[in-house]
Structures are given as structure tokens and as C-alpha cells.
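In: below are the sequence and a predicted model; questions follow.
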Amino acid sequence: MHNQPPPRVDIDEFSTNTALVDGIRRFGASWSAGELAAIGRIVGSGRFAQNARLANEHPPVLHALDRYGERLDEVEYHPAYHHVISDAVAYGAHTSAWADPRPGAHVARAAAFMLFAQVEPGHACPVSMTHAAVPALSRQPDVARVWLPRLYGDGYEPRLVRPSQKPGALVGMAMTERQGGSDVRANTTSARDLGDGTALITGAKWFCSAPMSDAFLVLAQEADGLSCFLVPRVTDDGVRNPFRLVRLKSKLGNRANASAEVEFEDTLGWRIGEPGRGVRAIIEMVHETRLDCILGTAAGMRQGVAEAVWHARHRKAFGRLLVDQPAMATVLADLALEYEAAVALGLRLAAADDAVWSPGADGVQRAPGASREGAFARIATAIGKYWVCKRGPAHAAEALECLGGNGYTEDFPLAMRYREQPVMAIWEGSGNVVALDVLRALAREPESAEALGEELERHRGADPALDAHLERALALMADAAREPEEAQAWARRLAETLALALQATLLLDGEPSVAEAFIASRLSAGRGLGYGCLPDSVRVGAILERA
């Protein structure tokens, strides 16, 4: 093939992903290995890769009006997108952890989500939001009884028909307004109470992702303050709810998935939770989507590592395979280390969900005695969202560079991935928002700091560099809790320091060569900047064997 690598297709993306295989075993989901291998073969197939490519090459198209000038408000997707999302729903990448609760269910679902997002990330947005909506809807038993069975369905029907006629349902969210952004309390969308748990909503949202979803969680102002509502696209009597699509966003990435500006005019919604407590109702959804940002970024890192290593193992330069050349091998190993740390953190947080949530009469509820894991997840998810998602774009750029000119073309998937990774650092809170949320947890929820501290102390004494880093991290935590206002200026440094300490601690539960290399390259004094600056002590070959 004139020194060109063969196509990377017909691969079991799960069984060849050593870090993920180890992770499900470590966090109690070994029982899911067979189904995850089946998913791995699906997403590693030429068919799935072709659908992923087509879904991104042919972005969604808005049809605001029909040919007679009447409101239509529909988005047309390429058939390939529907094939991708249908596969993900069929294998429970959306709600399997809630629909079939058992030990390790959230870890297994996280692994499935990552496998699908590794190859086509755009569809992961509605899949993630549907998963994340379950705890929020569980706050309203009458709504949960009707809607949760729909969300738990494993069938996908893209048409806008009455929810009872569909084999499953997808849920999105519409919170952001153009004047407020992350400050949702500045929202002006209003709700007129109808007195029966429903309201008529009027206003506009600046970002509404996946606008063809079956229902949306929407924030709107009432007399008591900001409330949360479930707004269906089609009501149970078959009537289309007023849901005007103004325009689709022209985005840097995430092109397979539509994002829209929307307007409501006397749009029917069912209140979720208490009036005026909308932020509290939706915050658990935000927690879960933040975790999926971590998982989605890790999935992208895996794609970058897999494609770069495949290229290096099949491409020669100057008489040797690229993977056998020390400079390239060091870069590849460094990229693989970043992925190992990201997936370890993501699965640890998914395991916390397994401890925190238990099935209830109408949905899910917080499990008795899970306060420690809940407190840990509260702060660790914010830390991970900041750091892992911040690392994603640079990781994608370095992986793309490993392919040389091929990586810079749309014929290979890393150009798409390079555009994709930045959204994970923006969605559900960009860098400053999430770093300040870490401060908020330390200042207002001391149990979170205590739980995180316990986690970080588990391997004290295992490595001098880790011990020294722990001292710095714990000192920063104490300073931030004592003086949160002053700490705002260095909130990012705090989040980074804590994230690295947590990742190193988690890696020490797994493969020793990985943990040693991570600590030596990320925590030791005098470490180089950028990828490919590993110290001589790192066993590069051992890292690449796992890649």
C-alpha cells in the first residue's frame, strides 16, 4: 500500500482497550464484558465508521416552515445519524444503569457510552441528557411514572409522534438564555401556573441541543422564583406543543448533532419539584452530564491514541516503523497515559453513582448510607470536569500530528475529533465556572473536602513524588476553604493540582507501570511541558503494550 497504514476497521474496540477492560473489572462491572465486547465490534465495524463519517459530513437541516408556509419546526438528519443513535439506544448507552440496576450498572453504562462516543461523538449529547434526566424526573413521582418507562425503552423512533406510540424516548434540556449564559438565575423565560402541576411557558433559549428530542427540561420564572419543567414536543393527545426553532447553530464541532435557538409561546410544561426550586431540581441532571463530559473526553482520547498507535505500527520512516522510533514512541506513550488517567477517573465517578443511587417506587432515590460517596462525587466530578476536559483539545491536536498530513484531512477521523473536544470543556460549565464550583464545594460543603481528602490519602507513602504533591494539594484545599474569596484568583491551579493527585491515586490501584509513569511525568519536579517529555524512568514499551 505504498507505506500507507491499512484501514482501521473490523476491530473489537472494547477488548483491545486494555484500560477500559481493567476498569470495569476494578469497579465491579466484569459481568458486562460480553455485551461490551459486542458493542466494541459494532463501533469498530466498517459500517459504523461509515455512518459516523456520513453523519458528520451531512449536518442537520432546519425546516422551520412547510411548503405551505405553516410552522413545521423539524430538523432533518442524515439517515446515518439515526443508525448511530439507534445502535446506542438499543445497547442501553442512555439509561441502562437506571433501567436495570445492579452492582456496577453505572460503570457498565459508562463503558458503553464511551465506546459509542469514541467513534461518533455528536449523538452522545441526547444519549447523555436522557441518562441524566432520570434523577431530576424522579423528583416528581406523577411525571416519573409516565415518563421514566419511556426513557428506559431500548427502541429509537425519530419521528415527532405522541410519546405513547414510541418504543423509547429521548430527553434534552433548554436552560441557557442569551443574556445570562451560565447565570441561569438571570433567565427571563416565564411560566404561567395552571394550578394542576402544569404551566404555560413563554420565552426564548439561546442553546437547545438535540431539538428533535421527545421532551426537554426547561427553566422558567414563576412567582416563587426559577422553576423546572418537563416540556414535551408532542403531548399525549398527539398535539404538537408550541416549540419554535428559530435557527440552528453553526458550530465548530459536534456537527452530527443539531443545536438550536428556540422560542416558547404558551408552551405546556409539567413542573418538576417545588415551585421556585428549579435549580435544585436540575442540578442532579447537570452533575450527570458533567460526568458524561469527562467520559466523552476520555472516549475522544481513546480514539486519538488508537488511531495514532495504529498509524505508527504500520508506517515506516527512515527504515523503521514509527512506533519503534524513540521520539514517536515517547509521544504515543504520553498520550496513552493521559487516556489511562482520564478513564480511571471517569469510571471511579461512575462507581460512585452505583453507591449513591438506588431504585425507588417512582424512579431513583439516594441510597441510605451513601453520603460519603455522594460528597466525594460532588467535588470530584467538578474537579474531573475541569481538568480532563481541559486536556482534551491538546491531546487531540497531538494525536492528529502523529498521523502527519493524513491527520489534517477529513478522510481520517482525527480532524473531526480535533473539532469535537473543545465542546466538552464548555458544555455544562466552562473552565472558570467549574473551577469556582470546586471552591464552592470546599467552602459550603466541608463533607466534600473530607471525602476527597480520604480518597487522596489512600496511597500515601507509595511514592515520594506523590506524597509531596499531596502536601501541596491538601494545603491548597485548606487555604481555599478558609479564604474562598481570595482563592478565586487561583481556582484553576487548585482544580488542576487536585485532579492530578486524584488521578495518580486511582492509577495506583491498577497497572504499576502506568501509575509510576504518570507520577514521574506529571507530579515530579522539573517535568517538561507538552506531550512527549517523559523522564527516562518511564517504561515506554509497557505503556504502549496496553495501547
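Out: Perfect, I can see it now. Quick caveat: nothing in here was measured; it's all calculated off a predicted structure.
In: strand partners (parallel or antiparallel) of the longest strand along the chain?
Out: Taking DSSP state E as the criterion, the chain has its longest strand at strand 259-272. Note on strand 259-272: by DSSP bridges, its sheet partners are strand 198-209 (antiparallel), strand 225-232 (antiparallel), strand 244-248 (antiparallel).
In: which element follows the first one toward the C-terminus?
Out: Next helix or strand after strand 198-209 toward the C-terminus (DSSP states H and E): strand 215-222.
In: what packs against that following strand?
Out: Contacts defined by 3 or more Cβ pairs under 8 Å, 6 or more residues apart in numbering; DSSP states H and E place strand 215-222 against strand 171-174, strand 190-193, strand 198-209, strand 225-232, strand 259-272, helix 278-314. All C-beta spots, glycine's among them, are computed from the backbone N, C-alpha and C.
In: from the rest of the structure, what touches stretch 323-340?
Out: If you take Cβ atoms under 8 Å, 6 or more residues apart in numbering as the criterion, stretch 323-340 is touched by 19, 298, 301-302, 304-305, 308-309, 312-313, 317-318, 322, 391, 395, 398-399, 402, 507, 510-511, 514, 517-518, 521, 531-534, 538, 540-541, 543-544, 546-547.
In: ok, now with 6 Å
Out: Stretch 323-340 is contacted from outside by 19, 301-302, 305, 308-309, 312-313, 322, 395, 399, 514, 517-518, 531-532, 534, 540, 543-544, 547, using Cβ atoms under 6 Å, 6 or more residues apart in numbering.
In: circling back to that earlier point, which of the strands paired with strand 259-272 sits closest to Gln365?
Out: Taking Cβ to Cβ, strand 225-232 is the member of those nearest to Gln365, at 17.6 Å.
In: the closest one to strand 215-222, inter-axis angle?
Out: Angle, strand 225-232 to strand 215-222, by axes from the mean of the first three to the mean of the last three Cα atoms, to 10 degrees: 150 degrees.
In: strand 225-232: which residues count as buried?
Out: Residues 226-232 are the ones in strand 225-232 that count as buried (16 or more other Cβ atoms under 10 Å).
In: ok, now stretch 97-108?
Out: 97-99, 104-108.
In: among those residues, which one sits closest to Ser164?
Out: Ser164 has its nearest neighbour among the buried residues of stretch 97-108 in Ala99, at 18.1 Å by Cβ to Cβ.
In: contacts only, for that closest one.
Out: Tyr152.
In: and the pLDDT for it?
Out: Here the pLDDT value assigned to Ala99 is 97.
In: if I look at it, how far off is Ile39?
Out: Distance of Ala99 to Ile39, given as Cβ to Cβ, to the nearest Å: 16 Å.
In: and for His469?
Out: 36 Å.
In: kindly report the same for Cys533.
Out: 35 Å.
In: which one of the two has more residues nearby?
Out: Applying other Cβ atoms under 10 Å to Cys533 and Ile39 shows that Ile39 carries more neighbours, namely 27 against 12.
In: go through the one helix or strand Val21 maps to and flag the buried ones.
Out: Counting by DSSP H and E, the element that carries Val21 is helix 18-26. By neighbour count with 16+ other Cβ under 10 Å, helix 18-26 contains the buried residues 18-24, 26.
In: same thing with stretch 371-379?
Out: Buried residues in stretch 371-379, counted by 16+ other Cβ under 10 Å: 372-379.
In: pull the contacting residues for Val540.
Out: 329-330, 333.
In: by neighbours, which of these wins?
Out: The most crowded member of the contacts of Val540, judged by other Cβ under 10 Å, is Ala333 (26 neighbours).
In: please enumerate residues in contact with stretch 450-461?
Out: With Cβ under 6 Å, 6+ apart, stretch 450-461 has contacts from 372, 375-376, 379, 470, 501, 505, 508.
In: do stretch 369-381 as well
Out: So stretch 369-381 is in contact with 287, 290-291, 349, 352, 355-356, 441, 447-448, 451-452, 455, going by Cβ under 6 Å, 6+ apart.
In: before we move on, back to that, among the buried residues of stretch 97-108, which lie within helices?
Out: 97-99, 105-108 (DSSP state H).
In: what's the most distant pair in these?
Out: Farthest apart among those by Cβ to Cβ are Ala99 and Val107. That separation is 15.2 Å.
In: ok, back up a step: just the buried ones out of the contacts of stretch 323-340, please.
Out: Among the contacts of stretch 323-340, those buried by neighbour count (16+ other Cβ under 10 Å) are 19, 301-302, 305, 308-309, 312, 322, 395, 399, 514, 517-518, 531, 534, 540, 543-544, 547.
In: returning to what we had before: which helices and strands sit right next to the helix holding Val21?
Out: Helices and strands touching helix 18-26, by 3 or more Cβ pairs under 6 Å, 6 or more residues apart in numbering; DSSP states H and E, are helix 105-119, helix 326-356.
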